[in-house]
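Asker: Sequence plus the predicted model coming up.
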Amino acid sequence: MSQELPFDPFPLFTDPHKQTIINSLCNFLWEPASETKLVNLADGDKLALEVTTPWNWKPTDITVLLVHGLCGSHQSPNLVRMVKKLEPMGIRCVRYNMRNCGSGRGLSKNIYHSGRSEDVFDAIKSLKIEHPESPIVLIGFSLGGNLVLKLAGELGSLGKHFLKGVIAVSPPVDLYSSVQMLGDPSNAMYEKYFYKLLRADVHYIHRKFKDLPPVRLPRNLKLYEFDQLYTAPSCGFRDADDYYNKCSSAHVVPDIELPTKILLSEDDPIISCRSLDQFHLPSSVDLFKTKKGGHMGYLGNPATDKGFYWLDGLLVDWILEF
């Protein structure tokens, strides 16, 4: 059962594409100071966390772990803005980089993908070893939202030992559905943008690690074709459909026992807001929908209480609830 959240979009940006694109470009803040923490993974790869610790933070205070989306990093606008908002409140923020992203570029031979929830878990365990008494709130944006929900479902009752709560913003919980939406001609600009970056990442990895075989990907592929040609075989899946099926968090969301909040927009151009409608959600999971907002846009009317960056204010409220 979903709940509708009132959201009043900025008057000039009511179109979902404007919401989506302008939010991704709206980052006028200097990147916050942080310390790089490397996490060793079981297969020999490493990923990088950017840790911003307020001067008055204590080891029993809250930590917020932020997970970016497809082709993002610790420098993604949503993550940077959240740190800028939370640090003055005395909340430690950790910006997670997926494999070969951000400050972890060149440290992993394997690519990240939509289902590497075990990597997020390794990061959480690493943080818990250092500060076992600090409650962790896990927040994922877009692809990162699928990862955090998948992890929460996989952990089940164990989740409460590691996390205080989970938030997923615009998560592609049904990966096949999202890839199909990205393949629609009306979304060609998004698909071309993502594929261009993914292709460059793959070529970089294969040049960096000399023991990997040479690879040449065509300049123009649909994301489904990219996953069929490269992601699935290189990551141990039978094909793209097997990859989407095994990595979609929708299958395990009913198993979540942690306090969890999910935010979807009905006009999101690349994520279906109906992806979870067929599932019975546990009482621990609150699903919220807005009429407008695009994909992770949520640029609000400045005259309202949460201002232009409506999503940022909402996330602060949810964090404080936890």
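Answerer: Perfect, thanks for sending it. Numbers count the residues shown, from 1 in each chain.

Asker: Would you state the strands of the stretch 1-150 of the chain in chain order?
Answerer: For the stretch 1-150 of the chain, the strands defined by DSSP state E, counting those that start in this stretch cover 2-4, 35-40, 46-52, 63-67, 92-96, 136-141.

Asker: Does I139 touch G69 like I think?
Answerer: No - taking contacts as CB atoms under 8 Å, I139 lies outside contact range of G69: 11.6 Å. (C-beta placed from N, C-alpha, C; glycine too.)

Asker: could I get the strands of the stretch 1-150 of the chain as CSV with mean neighbour count, distance to T260 and mean pLDDT?
Answerer: Converted to CSV, the strands of the stretch 1-150 of the chain look like this (neighbours: other CB atoms under 10 Å; distance: least, CB to CB, whole Å; pLDDT from 0 to 100):
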stretch, mean neighbour count, distance to T260, mean pLDDT
strand 2-4, 11, 13, 85
strand 35-40, 14, 23, 98
strand 46-52, 22, 22, 98
strand 63-67, 26, 14, 98
strand 92-96, 27, 18, 98
strand 136-141, 26, 9, 98
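
Asker: can you tell which of those is closest to Q278?
Answerer: Set against Q278 and scored by CB to CB, the strands of the stretch 1-150 of the chain come closest in strand 2-4, at 12.3 Å.

Asker: Which strands or helices does that closest one pack on?
Answerer: Under the contact definition 3 or more CB pairs under 8 Å, 6 or more residues apart in numbering; DSSP states H and E, strand 2-4 sits against strand 285-290.

Asker: helices or strands up against the strand it packs on?
Answerer: Checking 3+ CB pairs under 8 Å, 6+ apart, strand 285-290 ends up next to strand 2-4, strand 260-265.

Asker: which residues touch the longest one?
Answerer: It stands for strand 260-265. 2, 5, 16, 145, 149, 152, 165-171, 271, 273, 275-276, 284-295, 297-298, 311, 314, 318 (CB atoms under 8 Å, 6 or more residues apart in numbering).

Asker: hang on, the earlier thing: make a markdown table from the helices and strands packed on strand 285-290 and add distance to N187 to it.
Answerer: Listed next are these as a markdown table, based on distance: least, CB to CB, whole Å:
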| stretch | distance to N187 |
| --- | --- |
| strand 2-4 | 24 |
| strand 260-265 | 15 |
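
Asker: Nearest approach to D242 belongs to which of the ones you listed?
Answerer: Nearest to D242, of all the helices and strands packed on strand 285-290, is strand 260-265, at 25.0 Å by CB to CB.

Asker: what's the model's confidence in that closest one, averaged?
Answerer: Averaging pLDDT along strand 260-265 gives 97.

Asker: which stretches of the protein have low pLDDT?
Answerer: Where the chain drops to pLDDT under 70, the residues are 1, 26-29.

Asker: What ranges does it have for its helices?
Answerer: 16-25, 77-86, 117-130, 143-155, 175-182, 188-208, 223-226, 232-234, 240-247, 310-321 (DSSP state H).

Asker: Would you mind finding the most buried of the ones you listed?
Answerer: Stretch with highest mean neighbour count among the helices of the chain: helix 143-155 (a mean of 27; mean count of other CB atoms under 10 Å).

Asker: Which elements pack onto it?
Answerer: So helix 143-155, by 3+ CB pairs under 8 Å, 6+ apart, packs with strand 63-67, helix 117-130, strand 136-141, strand 165-169, strand 260-265.

Asker: could the ones you listed go into a markdown table alongside distance to P233?
Answerer: Converted to a markdown table, the helices and strands packed on helix 143-155 look like this (distance: least, CB to CB, whole Å):
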| stretch | distance to P233 |
| --- | --- |
| strand 63-67 | 25 |
| helix 117-130 | 20 |
| strand 136-141 | 26 |
| strand 165-169 | 28 |
| strand 260-265 | 31 |
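
Asker: Ok, which of the ones you listed comes nearest R207?
Answerer: R207 lies closest to helix 117-130 among these, at 22.8 Å (CB to CB).

Asker: got the contact list for the closest one?
Answerer: Contact with helix 117-130 is made by 37, 39-42, 47, 49, 63, 65, 67, 94, 96, 98-99, 112, 134, 136, 138, 147-148, 150-151, 154-155, 162-163, as judged by CB under 8 Å, 6+ apart.

Asker: Mind doing that once more with 6 Å?
Answerer: Residues from elsewhere that reach helix 117-130 (CB atoms under 6 Å, 6 or more residues apart in numbering): 39, 41, 96, 147, 150-151, 162.

Asker: Send over that helix as PDB, restricted to the C-alpha atoms.
Answerer: The C-alpha coordinates for helix 117-130 follow below in PDB (Å, rounded to 0.1, in the frame of the first residue of the first chain):
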ATOM      1  CA  SER A 117      24.800  -5.700  -2.700                       C
ATOM      2  CA  GLU A 118      27.600  -7.700  -1.100                       C
ATOM      3  CA  ASP A 119      30.000  -4.800  -1.900                       C
ATOM      4  CA  VAL A 120      27.700  -2.400   0.100                       C
ATOM      5  CA  PHE A 121      27.600  -4.900   2.900                       C
ATOM      6  CA  ASP A 122      31.400  -5.100   3.000                       C
ATOM      7  CA  ALA A 123      31.500  -1.300   3.300                       C
ATOM      8  CA  ILE A 124      29.000  -1.400   6.200                       C
ATOM      9  CA  LYS A 125      31.000  -4.100   8.000                       C
ATOM     10  CA  SER A 126      34.200  -2.000   7.600                       C
ATOM     11  CA  LEU A 127      32.500   1.000   9.100                       C
ATOM     12  CA  LYS A 128      31.100  -1.100  12.000                       C
ATOM     13  CA  ILE A 129      34.500  -2.500  12.800                       C
ATOM     14  CA  GLU A 130      35.800   1.000  13.300                       C
END
